[in-house]
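Participant: Sequence isn't available, so here's the structure alone:
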Ligand SMILES: [Zn+2]
């Protein structure tokens, strides 16, 4: 799905941002890309397909703002309901408090990381609140996966599974991400979650 149109972009807005006639200018620097053979802009070097996708995504966020918020919010509520159900059924006393505390630390850090990655690398300018809701939802599902991994006593496998959950959900829900972006971001989030986990556990032990 790397270079496909974002799922929820109506045809009209997609054709607005991507001209029906052949593209002659780089979406980023407006330099001419007539006759290029490599797929990269000769002036600024950006990958043209990737630049189109990014501009479309930023455009569709503005057009489809309300629908995206609604969908993100529903997914977040479902994700937290799932986590709460799993903790209620299989958790020990104190587990819920631990999960809540870790999320309170991790979600803002993850949002900050996401913002930095968007600014420096991915190039999205998604509204911060929308990103926050989506990352909270993704965290809730990844934590649910992590809960089941408590019974898998293999070093690092737990964290790997959580990171994989991040990757899959970033691909699914932040639907404009390219696979390589989702993989790198997902594993970074997994690593940060692990550090927050260790930090909180040590703070508790001290
Ligand atoms: Zn360019």
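Facilitator: Cool, the structure landed. It should be emphasised that the depicted structure is a prediction, and the values quoted were computed from it without experimental measurement.
Participant: How about the secondary structure of residue 151?
Facilitator: Three-state call for residue 151 (DSSP: H, G, I helix; E, B strand; the rest coil): coil.
Participant: Quick check: it vs the ion, distance?
Facilitator: Distance, residue 151 to the ion, using CB to the ion, to the nearest Å: 51 Å. Bear in mind the C-beta positions are built from the backbone N, C-alpha and C, glycine included.
Participant: In contact with the residue most central in space within the chain, which residues are there?
Facilitator: Nearest residue to the geometric centre of the chain (CA atoms, centre = their mean): residue 170, 3.8 Å. Residue 170 makes contact with 138, 177, 182, 185-186, 189, according to CB atoms under 8 Å, 6 or more residues apart in numbering.
Participant: Give the helix, strand or coil label for it.
Facilitator: Assigned by three-state DSSP, the conformation of residue 170 is helix.
Participant: swap in residue 155?
Facilitator: The local conformation at residue 155, judged by three-state DSSP, is coil.
Participant: what's the burial count for it?
Facilitator: Residue 155 has 7 neighbours, counted by other CB atoms under 10 Å.
Participant: So what does it have for phi and psi?
Facilitator: Backbone torsions of residue 155, given as degrees, to the nearest 10, read phi -60, psi 130.
Participant: And for residue 94?
Facilitator: According to degrees, to the nearest 10, residue 94 has phi 100, psi -20.
Participant: burial count for it?
Facilitator: Counted with other CB under 10 Å, the neighbours of residue 94 add up to 8.
Participant: Between which two of the contacts of residue 170 is the distance greatest?
Facilitator: The span of the contacts of residue 170, defined through CB to CB, is set by 177 and 189 at 12.4 Å.
Participant: Could you check which of the two is surrounded by more residues?
Facilitator: Remark: of residue 177 and residue 189, residue 189 carries more neighbours, 27 against 24, as counted by other CB under 10 Å.
Participant: What sits closest to the more buried one if chain neighbours are left out?
Facilitator: Spatially, and ignoring its direct neighbours in sequence, residue 189 is nearest to residue 166 (4.6 Å; CB to CB, 6 or more residues apart in numbering).
Participant: thinking again about what came up before, can you flag which of the contacts of residue 170 belong to helices?
Facilitator: Those of those mapping onto helices are 138, 182, 185-186, 189, per DSSP state H.
Participant: Quick check: residue 96 vs the ion, distance?
Facilitator: Residue 96 sits 50 Å away from the ion, going by CB to the ion.
Participant: what mean pLDDT does the helix or strand harbouring residue 136 have?
Facilitator: Taking DSSP states H and E as the criterion, residue 136 maps to helix 128-149. Across helix 128-149, the average pLDDT comes to 88.
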